[in-house]
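Q: Structure here, sequence nowhere to be found:
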Ligand SMILES: [Zn+2]
């Protein structure tokens, strides 16, 4: 995925965050609960949010836009 130019929208309106879970060993689905995930994963999955426009990332726990 090529790097995206930083859109002016992010400066004017703020980033549009989308939640992601990144784990190469398991497939995260909405139907799975945390217990099933913990039983099958050998490493902690990475929780983060990514802006859909510019691709900037931030921790899942961050608040606000
Ligand atoms: Zn952005």
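A: The structure has been received and is ready for your questions. Just so it is clear, the model here is predicted, and its values are computed rather than measured.
Q: This protein against the ion: which residues are in contact?
A: Proximity of the chain to the ion (C-beta under 5 Å from the ion) is limited to residues 10, 15, 51, 53, 54, 56. In this view, the C-beta of every residue, glycine as well, is placed from N, C-alpha and C.
Q: Among those residues, give me the pair with the biggest separation.
A: Using C-beta to C-beta, the residues of the chain next to the ion span at most 8.6 Å, a distance reached by 53 and 56.
Q: out of the two, which sits in the busier spot?
A: residue 53 (17 against 13; other C-beta atoms under 10 Å).
Q: which element is the more buried one on?
A: Using DSSP states H and E, residue 53 sits in no helix or strand.
Q: The nearest residue to it once chain neighbours are set aside: neighbouring residues, count only.
A: Spatial nearest neighbour of residue 53, excluding adjacent residues (C-beta to C-beta, 6 or more residues apart in numbering): residue 7 at 4.6 Å. Neighbour count for residue 7, taken as other C-beta under 10 Å: 15.
Q: residues touching residue 16, list them.
A: Residues near residue 16 by C-beta atoms under 8 Å, 6 or more residues apart in numbering: 9, 10, 51, 52, 53.
Q: Next up, the contacts around the closest residue to it other than its chain neighbours.
A: Sequence neighbours aside, residue 52 is the residue nearest to residue 16 in space, at 4.9 Å (criterion: C-beta to C-beta, 6+ apart). With contact taken as C-beta under 8 Å, 6+ apart, residue 52 is in contact with 16, 17, 18.
Q: okay, and the common contacts of residue 53 and residue 56?
A: 10, 15.
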